[in-house]
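Q: Just a sequence and a predicted model for now, questions to come.
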Amino acid sequence: MWNKKAWVQKLDAVNEYEQEPIPPNKYKGWKSFLGTYAGEHTAGTEFVIGPLFVAHGASAGDLVSGLIIGNILAVLSWAFFTGKIAVKTRVTLYYLLEQIAGHRFTTLYNLVNAGLFCFLAGAMIAVSATAVGISFDMTMPQLTDVYPNNLGWVLTVFVVGAITTVIAMFGFEKVSKFANVAAPWMIMVFIAAGIAALPRLGVTEFGQFWEVANQTIWTGQPLEGQSKFTFWHILFFAWFCNMAMHIGMADLSILRYAKKWEYGFSSATGVFLGHFIAWIASGILFSLFLIESQGSLTFAPGPIAYNVVGVTGAICVVIAGWTTANPTLYRAGLAIQSINPKWKTWKVTLFVGLFTTVAACFPALVMMLLEFVALYGLILMPVGAVIFIDVYVLEKLGLKPNYAQFSGESLNWSVALTWGITLVLCVALNMFAGIEIFFLGLPGWFIAVLVYIAASKINQKPVVTQKTLA
Amino acid sequence: MKQLIKIVSFLGLALTLLPSVFLFQEVISATLCKQLMALGTVLWFVTSPFWMNKSI
């Protein structure tokens, strides 16, 4: 029987330590992070990114070598950037940023951040919806679609969005448990689907795989209207596709629970299962679909997986979408809640879930996922660079870390300028130097570091002197 | 009892993966492969929640 008061009390009791360091008795063991990362990165995005590499004409050699090197760089970033700072501070990105940049900057950042999280979660809800829609023969979106093209699509997205939101409302622990249970099974389905598709591509023994991979699956020829991806595109995409999480420090929210910084290496489960095996498997599935459909423009992960491994594939697409959308919605809720800590986490997540579901109705979120993921990391990266310098470098230069807290200012202009100047220069590099969005994160990080140090030297001098004299 | 449930869970995982290998080797049909994978999925999700999150 529905007991509203009991449920509201239960939801109110969800305490995720958003405004305080994690107490030692709440630290989590490595198993929790293995499951969380494996679940989060063996996810709905993998059903889209793998096929988009095929569409962009990546060759088999470039794909495999680019993914191996890029994934290693991503794991190192998680451990040495995010893990170390998470264990040193034990607070969320939002709480730390408030001390460094002040409340006004954090509010702006949180709104941008939450919006980006919502769009990512929305893409995953859309991916899940393609699988749910199989049961009633829903018209699927096309590679070129921007707007929703039928009512069945909108209704399906809303059902999937509602369920995802309710799960996210119950907080990190529930999400972690769900990811733990689903992760081993999902990776089995990805591997199984890839293997099951091979005979239909002409591979009847494993020795033939590489030849077919080069000639049939990753041919090196982009589809019409798609740009060409090289080794460098693959490497930088694999490294920076989660830039917001590692170098951008969003995963402080997760790794602050870690007993040791080395737990950051547990991200290897996510990247090598999800961003290697799953991308390769989903690429194989998409190549088979392209061949058997004679170049159809339909782009729907649900039916593609269902075609090869039946109902298990469709369920996998649904759950893969959930395991990405859930923690992403949770993060978006945290971002919004930090604007006003008095707001209940579950109420904020409910609002965020509604916004996300509306966004998920637009198929363009899925079709432009590579560009969106790169943009998302780039926008959030400068703040990660600021945190890195603030934690490790400023004191050594005779400057004050956590400057907003020290000075009592609600806006640290050094951080605001760093964010603005870095993004403007990145846009300039893109427009005038022709550097593609996938590569901008690397020069952008160094620009952010230099601007933040220079701005802090100029900005801090008068206040620090005054405070010292006082 | 817990050990028995774990065995059933891992049987579920095996049933999710191995049929595709047998399909690749032309030992079973695509239809049987899909059915066995569905059975494996049910076994995994029915049994794994009883032990997977208990030790965390």
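A: Alright, I've got the coordinates.

Q: ok, the nearest residue to A:E292 once chain neighbours are set aside - contacts?
A: Computed as CB to CB, 6 or more residues apart in numbering or on different chains, the closest residue to A:E292 that is not its neighbour in sequence is A:R200, at 7.4 Å. C-beta coordinates here come from the backbone N, C-alpha and C atoms, glycine included. Contact analysis of A:R200 by CB atoms under 8 Å, 6 or more residues apart in numbering or on different chains lists A:L288, A:E292, A:V308.

Q: For those, point out the one with the lowest pLDDT.
A: Lowest pLDDT of the contacts of A:R200: A:E292, 91.

Q: what's the neighbour count on it?
A: A:E292 is flanked by 11 other residues according to other CB atoms under 10 Å in any protein chain shown.

Q: Repeat that for A:V166.
A: By other CB under 10 Å, 14 other residues sit near A:V166.

Q: Now name the helix or strand holding the nearest residue to B:P49 once chain neighbours are set aside.
A: Ranked by CB to CB, 6+ apart and with sequence neighbours excluded, the top spatial neighbour of B:P49 is A:V181, at 5.5 Å. Element membership for A:V181, per DSSP states H and E: helix A:172-197.

Q: buried ones in that helix?
A: A:172, A:174-197 (16 or more other CB atoms under 10 Å in any protein chain shown).

Q: For the following helix or strand past it, list every residue counted as buried.
A: Counting by DSSP H and E, the next helix or strand C-terminal to helix A:172-197 is helix A:209-212. Neighbour counts over helix A:209-212 (16+ other CB under 10 Å) mark A:V212 as buried.

Q: Name all residues that make contact with the residue of chain A found nearest chain B.
A: Relative to chain B, the nearest point of chain A is A:G310 (3.1 Å; CB to the nearest CB). Residues counted as contacts of A:G310 (CB under 8 Å, 6+ apart) are B:C33, B:K34, B:Q35, B:M37, B:A38.

Q: neighbours of residue 23, just the number please.
A: No chain in the question, so chain A it is. Look at A:P23: counted by other CB under 10 Å, it has 9 neighbours.

Q: not what I meant, chain B
A: Neighbours of B:L23 (other CB under 10 Å): 26.

Q: So it, which state does it fall into?
A: Using DSSP: H, G, I helix; E, B strand; the rest coil, the structure places B:L23 in helix.

Q: picking up where we left off before, of the contacts of A:G310, which belong to helices?
A: Members of the contacts of A:G310 lying in helices (criterion: DSSP state H): B:C33, B:K34, B:Q35, B:M37, B:A38.

Q: Now the phi/psi pair for A:S59, please.
A: Phi and psi for A:S59, reported as degrees, to the nearest 10, are phi -90, psi 160.

Q: so it touches A:G220, yeah?
A: Yes. Using CB atoms under 8 Å, A:S59 is in contact with A:G220, at 3.8 Å.

Q: Spell out which residues are contacts of both of the two.
A: Joint contacts of A:S59 and A:G220 (CB under 8 Å, 6+ apart) are A:N214.

Q: ok, A:A213 - contacts?
A: Going by CB under 8 Å, 6+ apart, A:A213 touches A:A60.

Q: typed the wrong thing, it's A:A305
A: A:F47, A:A131, A:V189, A:A193, A:L285, A:G313, A:A314, A:C316, A:V317 are the contacts of A:A305 under CB under 8 Å, 6+ apart.

Q: Then A:N149?
A: Counted by CB under 8 Å, 6+ apart, A:N149 has contacts A:T139, A:P141, A:Q142, A:P363.

Q: rerun that using 7 Å as the cut-off
A: A:T139, A:P141 (CB atoms under 7 Å, 6 or more residues apart in numbering or on different chains).

Q: and if you look at the one 3 residues further on?
A: Shown here is A:G152, whose contacts under the criterion CB under 7 Å, 6+ apart are A:G133, A:F136, A:M138, A:T139.

Q: re the thing from before, considering only the contacts of A:A305, which also neighbour chain B?
A: A:V189 (CB under 7 Å from any CB of the partner chain).

Q: I'd like the contacts of A:A305 as TSV, with distance to A:D390 appended.
A: Listed next are the contacts of A:A305 as TSV, based on distance: CB to CB, whole Å:
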residue	distance to A:D390
A:F47	38
A:A131	43
A:V189	42
A:A193	45
A:L285	44
A:G313	46
A:A314	46
A:C316	41
A:V317	41
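
Q: these two touch, right, A:A374 and A:E436?
A: No. Using CB atoms under 7 Å, A:A374 makes no contact with A:E436, being 8.4 Å away.

Q: For the two, indicate the residue with more neighbours.
A: Counting neighbours by other CB under 10 Å for A:A374 and for A:E436 shows that A:A374 has the greater number, 22 against 15.

Q: how about the residues of chain B near chain A?
A: Taking CB under 7 Å from any CB, the part of chain B that reaches chain A is made up of B:13, B:16-17, B:20-21, B:23-24, B:33-34, B:37-38, B:41, B:44, B:48-49, B:52-53, B:55-56.

Q: Need the buried ones from these selected in ChimeraX.
A: Selecting the buried subset of those in ChimeraX, with 16+ other CB under 10 Å as the burial test, is done by:
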select /B:13,16,17,20,23,24,33,34,37,38,41,44,48,49,52,53
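
Q: Keeping just the C-alphas, turn the helix or strand containing A:G384 into CSV.
A: Applying DSSP H and E as the criterion places A:G384 in helix A:369-392. The C-alpha coordinates for helix A:369-392 follow below in CSV (Å, rounded to 0.1, in the frame of the first residue of the first chain):
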residue,chain,number,x,y,z
LEU,A,369,27.0,12.3,-29.6
LEU,A,370,30.8,12.3,-30.6
GLU,A,371,30.8,16.1,-31.0
PHE,A,372,28.6,16.6,-27.9
VAL,A,373,30.9,14.4,-25.7
ALA,A,374,34.0,16.3,-26.9
LEU,A,375,32.3,19.7,-26.3
TYR,A,376,31.1,18.6,-22.9
GLY,A,377,34.6,17.7,-21.7
LEU,A,378,36.1,20.8,-23.2
ILE,A,379,33.6,23.1,-21.4
LEU,A,380,34.1,21.6,-18.0
MET,A,381,37.9,21.0,-18.3
PRO,A,382,39.1,24.5,-17.3
VAL,A,383,37.6,24.2,-13.9
GLY,A,384,39.5,20.9,-13.4
ALA,A,385,42.7,22.7,-14.3
VAL,A,386,41.9,25.4,-11.8
ILE,A,387,41.3,22.8,-9.0
PHE,A,388,44.6,21.0,-9.9
ILE,A,389,46.6,24.2,-9.7
ASP,A,390,44.8,25.4,-6.5
VAL,A,391,45.4,22.1,-4.7
TYR,A,392,49.0,21.5,-5.8
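
Q: list the helices and strands it packs on?
A: Helix A:369-392 is packed against helix A:46-55, helix A:84-89, helix A:93-101, helix A:103-132, helix A:231-240, helix A:413-432, helix A:441-469, with contacts defined by 3 or more CB pairs under 7 Å, 6 or more residues apart in numbering or on different chains; DSSP states H and E.

Q: And it, what's buried?
A: Using 16+ other CB under 10 Å as the test for burial, helix A:369-392 gives A:369-370, A:372-391.
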